[in-house]
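**Q** here is a sequence together with a model predicted from it:
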Amino acid sequence: MPQLSLPCPHCLSEKIGFAPRAVVRGSTDQQTLLFLQCEGCGGGLCAEIPTHPLNVHNWMQAGWVFPGISDTYPAIPQSYCPADVPDNVRNAYLSGLDNLGRINGANAAAMMFRRAVELAVKKLIPTAKPGDKLVKLIGDLPPDSVTPAMKEWAHHVRLDANEAAHGEEDFSDEDAEALRTFAEMFLTYAFTLPQALKRAKKEK
């Protein structure tokens with residue numbers, strides 16, 4: 001029986017095999033509900049297929065071309081990073097998101113959110129030297145670029161991620177999610193909002 005390779009909303013595998021388990025007619029003759037099961041974690045996924053159920057059965061049994069998916073339940077997670085951040089900052093932040101929610105992924109997620117903030121801080125201080133500690137760099141952030149609250153967010157990510165890297169206890173998913181929130185706020189205020197304001201002024 002054929003399988004589909006999809007991201008899993010349960011175990012968060014980027015690409016993993018899903019086996020078809022059941023086919024049900026949707027709200028019209030040209031809509032099919034295909035129930036799938038992740039081969040990794042066993043989680044279920046319902047996919048809306050925009051075609052007659054017979055065509056889905058033919059794909060399953062005779063190897064016809066798969067007609068495609070219009071929607072899934074639960075939704076397949078999409079990685080999101082605040083707009084207008086530098087590429088290296090984006091890559092680190094998305095790497096944190098990729099680890100967030102995975103089994104034993106909280107420590108790695110926390111460290112990547114810290115890396116995203118560190119790279120962002122260095123971008124805001126062009127004179128930063130390679131050996132400068134993050135605690136010093138945050139203190140050196142110019143007041144015309146960041147607010148006191150932003151410095152607090154950055155320090156919070158720095159300190160908690162240090163605990164994730166060096167502490168004896170595993171970081172929890174809840175703690176890693178909190179760091180994601182602080183990192184996202186820092187990136188939004190540091191890059192997204194200033195660029196949005198610049199674009200608004202140009203439009204006027």
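**A** Okay, I see it.
**Q** what about residue 5, distance to residue 110?
**A** Counting by Cβ to Cβ, to the nearest Å, the gap from residue 5 to residue 110 is 29 Å. From N, CA and C alone the C-beta is placed, and that goes for glycine too.
**Q** can you give me the domain boundaries for this structure?
**A** The chain breaks down into these domains under automatic domain parsing: 4-73, 87-203.
**Q** what's the average pLDDT for stretch 181-191?
**A** Stretch 181-191 comes out with an average pLDDT of 93.
**Q** what of stretch 102-116?
**A** 90.
**Q** pretty sure residue 113 sits against residue 181.
**A** No: the criterion here is Cβ atoms under 8 Å, and residue 113 misses it with residue 181 at 9.4 Å.
**Q** who has more neighbours, these two?
**A** Using other Cβ atoms under 10 Å, the more surrounded residue of residue 113 and residue 181 is residue 113, with 32 against 13.
**Q** would the more buried one count as being in a helix?
**A** Yes: assigned with DSSP: H, G, I helix; E, B strand; the rest coil, residue 113 falls within a helix.
**Q** helices and strands around the helix or strand containing residue 163, which ones?
**A** Assigned by DSSP states H and E, residue 163 belongs to helix 148-166. Judged by 3 or more Cβ pairs under 8 Å, 6 or more residues apart in numbering; DSSP states H and E, helix 148-166 is in contact with helix 106-124, helix 134-140, helix 173-187.
**Q** hey, which of the ones you listed is tucked in deepest?
**A** Mean neighbours per residue, mean count of other Cβ atoms under 10 Å, is largest over those for helix 106-124, with a mean of 23.
**Q** and that one, how far out from the chain middle?
**A** In terms of Cα atoms, centre = their mean, to the nearest Å, the gap separating the centre of helix 106-124 from the centre of its chain is 14 Å.
**Q** for it, packing partners?
**A** For helix 106-124, the packing partners by 3+ Cβ pairs under 8 Å, 6+ apart come out as helix 87-99, helix 134-140, helix 148-166, helix 173-187.
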